[in-house]
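# Below is the sequence, then the predicted model.
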Amino acid sequence: MRKVIAVIRREFMVRVHTRAFVISTVLGPVLMGFLFVFPMLMESRDRAPKRLVVLDAASGEFGARVTEALAGARRGVGADAPVRFVVSRLAAGAGNLASLDSLIGLTGVKEARDTEIVGVVLVTDSVLDTGRLHYFGSNVGSLSEMGDLQRILRQAVIGERLGRAGVDPQVLLVATAPISLETARVSNGVVSGESGESSFILAYVMSFLLYMALLLYGIQVMGSVVEEKSNRIMEVLVSSLTPFELMLGKIIGVGSVALLQLGIWSGTAKLLTSQRVAIAGLLGAPPSEAMGMPIPAISGTLLAVYLTFFVLGFFLYSAAYAAVAATVSTQQEAQQAAMPVSLCIVAGLLLMFGLLDEPNGTLARTMSLIPLFAPFVTPVRYSLSPLPLGELLASAGMTALGVLAVAWVAARIYRVGILMYGKRASVAEVFRWIRTG
Amino acid sequence: MTDIVVAVDHITKRFAGHTAVNALSLQVPAGAVFGLLGPNGAGKSTTIRMIMHILEPDEGKVTLFGGPRTGRELSARIGFLPEERGLYPRMEVLEHLIFLGEAKGLRRRDARARALRWLDRLGIADWGRRKVQELSKGMQQKAQFIGTLLHDPDLVLLDEPFSGLDPVNLQVMKEVVVEIARSGRTVLFSTHIMEQAEQMCERIAIIARGEKVVDGRLVDIKAEGGVRHVFLSFAHDAAKAVPVLADRSLVGRADDSGATAEVELAVGANPDRLLRALMDAGVGLSRFEVAEPSLQSIFLAKVGQQAATAPALERAHA
């Protein structure tokens, strides 16, 4: 055990003492801070209301109703929240679309600052029957803006339809009052207080961190093995340590560096978010905006689940990378040979995205039991919806078995491979090492 | 002191297409400095790797300290300096040595104290805090040497330990090797430079093309050749010695190095006749010594010029 600790210490110290580690550790939070502050800055710049024109080619009050709905839309909640749009209505008369082309000619023309309009909403009577409302705008690429626009317009159209059907305007007002869906997460019969959105962000961030740690640090395990082979220090090492001690120490040592770095990053993120109101104040943004950003709260159990799967996943993939490294002699060969392992990691991340909509579906359940993907899938499922304890344990158990299997195979490949110089081992050779090792 | 520390029993190792070591047997007694000699590609490194159990012999077996455990299992008692020796280039020298000591099972503090002592002794104490890659090749070799000896091994296996060393460093390391042997521990080292073996070894084995040519105590091997060799150093007119050394009635074999020569007397010839012939030819001599043959000449006689250049294939796997 003392020998393994020596290897762990060496791998850890060598990495932590590099300039690259210091730079990436410092740069991580800086980048994070930038990502955090940048939207605030952008938001305050975009806060100026956008100019819309409603081309009213409908009969009656329809056009006015749409105009009113748009003009009443606010960014954020409350009476002091800034308005979204400056809306002007061009009453063309029923069915008259003659001025549409000239309006489009003014849309998105940046030079004409004062007269620039972002978009034109075309209101005709046929909208009420067909349900098709046309919008010509320079901002149709923004999914969130289009979503908001659709929500506002839909409300106006519903109002108009009901109005024409003779519903009392007072009733109408009450019936079409906006609602908002306030979500709260329940697990094991207890409200945990997290909103759905923040769970989603949390899941997303966690999987992404795992993905990054595996790719960045798993590949460091590989590089470290290849370095020892190409430096010819391997013979000195294997005359003192067993290959298994060497591999274990390497994985734990590099993994500790990954955890340290992620720990520093998470700590900084927590600090930044807890001070977000103060930061927003410094940037001149109202606190309401900073508070509007969903901040995930991590419960102790979720953290434990995540760390468990993080460690399992790291062992699994690092052992695989170490085995790959043992079969090659140069970094270039290693990168090629590592492709299947890296693809599994990418697949794990992609699968996780696929499961967000249905965290308890058959696919999600199956993936939780496949050791290669469970480290990505299971913590995310756990964060999205309550997971039965049995299922959680089954997933962890399967992954642990997978780790043992991969470690066993990797140790056999490693034992023979680390002393092979010069040429890259063929697949047939590697299988022979596993069988006879 | 008759314990056999390393017993190699008919080991054979084949690599794709050729035999690197063929039915080789060796016995290394405790407390000896044992030289494994041979030309490049003779199978020296392969033999040492099999002793250390980094390679497994295809046939035969290696017994260490009289027990069943292999070199890697006994690694705490063995110091191994491989021919392919590297260090982590970006580690500090002292840290590196501590790591190598810990890898042998030493406690960290102990490893540190020993490393400091050794660095001081080999005159590179100032370099402990520098990175390995800043060291000269000779200093790196010293550091590797320290790493091999840090845990006071009972058996030291050194594969070409002196290659590439300058005379000063060579002297320091030779002294260390001699001291290890004097303290009752065993040293086995390989070399293709005969003078080193001759100066240091009590026992030698010469191998060529994977097979043993001769082994035993150095004095016995030399005595076997009899007192039939004459060592010459020329003061002037060395060229005039050429026809004399070519006279087959006087000289059986001559190793003419220009300024010096080693001559094996022809059968029936005696030293007096050779001396007279040289004086008559007008050769100026500063040394004329009748003695046992040098290891170099024994080596050349046993191995032959032809085996001294092994085929490229064998060298690739040496």
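Looks like it came in fine.
# any idea how far B:Leu245 is from the closest residue to B:Arg248 other than its chain neighbours?
In space, not counting the residues next to it along the chain, B:Arg248 is nearest to B:Ala266; the distance is 6.2 Å by C-beta to C-beta, 6 or more residues apart in numbering or on different chains. C-betas here are computed from N, CA, C, even on glycine. For B:Ala266, the distance to B:Leu245 equals 11 Å [C-beta to C-beta, to the nearest Å].
# which residues do these two both contact?
B:Val251 (C-beta atoms under 8 Å, 6 or more residues apart in numbering or on different chains).
# Tell me which of the two has more neighbours.
Between B:Ala266 and B:Leu245, counted using other C-beta atoms under 10 Å in any protein chain shown, the more crowded position is B:Leu245 (20 against 17).
# thinking again about what came up before, B:Gly252 is in contact with the residue nearest to B:Arg248, correct?
Yes - B:Ala266 is in contact with B:Gly252 according to C-beta atoms under 8 Å; the separation is 4.4 Å.
# buried set for stretch B:85-103?
Within stretch B:85-103, the residues that count as buried by 16 or more other C-beta atoms under 10 Å in any protein chain shown are B:85-88, B:91-103.
# Residue 5 - how many residues pack around it?
Answering for chain A, as no chain was given. 15.
# that's the other chain; I wanted chain B
B:Val5, neighbours per other C-beta under 10 Å, totals 23.
# How much space separates it from B:Gly67?
The value you get for B:Val5 to B:Gly67, if C-beta to C-beta is used, is 11 Å.
# And for A:Val377?
In terms of C-beta to C-beta, A:Val377 sits 51 Å off from B:Gly67.
# Quick one: residues in contact with stretch A:67-75.
A:47, A:52, A:54, A:56, A:81-89, A:121, A:148, A:152-153, A:155-156, A:159.
# If we ignore the residues flanking it in sequence, what's nearest the closest residue to chain B within the stretch 1-150 of chain A?
Residue nearest to chain B within the stretch 1-150 of chain A (C-beta to the nearest C-beta): A:Ala6, separated by 3.5 Å. The shortest distance from A:Ala6 to any non-neighbouring residue, by C-beta to C-beta, 6+ apart, is to B:Glu102 (3.5 Å).
# residues touching the one you found, list them.
A:Arg2, A:Lys3, A:Ile5, A:Ala6, B:Arg108, B:Ala111.
# would you turn the residues you listed into CSV with distance to B:Ala20 and secondary structure?
Output for those, formatted as CSV (distance: C-beta to C-beta, whole Å; DSSP: H, G, I helix; E, B strand; the rest coil):
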residue, distance to B:Ala20, secondary structure
A:Arg2, 36, helix
A:Lys3, 31, helix
A:Ile5, 37, helix
A:Ala6, 33, helix
B:Arg108, 39, helix
B:Ala111, 35, helix
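# Whatever helix or strand A:Arg412 lives in vs chain B: in contact?
For A:Arg412, the host element (DSSP states H and E) is helix A:389-417. No - applying C-beta under 8 Å from any C-beta of the partner chain, one finds helix A:389-417 separated from chain B by no less than 10.5 Å.
# What residues of that helix count as buried?
A:391-392, A:394-396, A:398-400, A:402-403, A:406-407, A:409-417.
# now the helices for the stretch 101-250 of chain A?
A:126-130, A:143-164, A:169-175, A:196-213, A:219-230, A:234-238, A:243-274 (DSSP state H, counting those that start in this stretch).
# Which pLDDT value does the model give whichever residue of the stretch 251-400 of chain A sits closest to chain B?
Closest to chain B within the stretch 251-400 of chain A is A:Gly253: 11.6 Å, counting by C-beta to the nearest C-beta. pLDDT recorded at A:Gly253 is 94.
# How about the residues of chain A by chain B?
A:2-3, A:5-7, A:9-10, A:13-14, A:18, A:227-228, A:231-242, A:419, A:421.
# quick revisit: right, and the helices of the stretch 101-250 of chain A - which one's nearest B:Thr12?
B:Thr12 sits nearest to helix A:234-238 of all the helices of the stretch 101-250 of chain A, at 21.2 Å, using C-beta to C-beta.
# For that closest one, output the C-alpha coordinates as CSV.
Extracted in CSV, the C-alpha atoms of helix A:234-238 (Å, rounded to 0.1, in the frame of the first residue of the first chain):
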residue,chain,number,x,y,z
MET,A,234,9.2,1.5,-17.2
GLU,A,235,11.8,-1.2,-16.6
VAL,A,236,13.0,0.6,-13.4
LEU,A,237,9.4,0.9,-12.3
VAL,A,238,8.3,-2.7,-12.9
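# what's that helix packed up against?
strand B:78-81 (3 or more C-beta pairs under 8 Å, 6 or more residues apart in numbering or on different chains; DSSP states H and E).
# picking that back up, tell me how far the helix holding A:Arg412 lies from the chain's centre.
Distance of helix A:389-417 from its chain centroid, counting by C-alpha atoms, centre = their mean, to the nearest Å, is 27 Å.
# returning to that earlier point: so for B:Val5 and B:Gly67, which residues contact both of them?
Common neighbours of B:Val5 and B:Gly67, using C-beta under 8 Å, 6+ apart, do not exist here.
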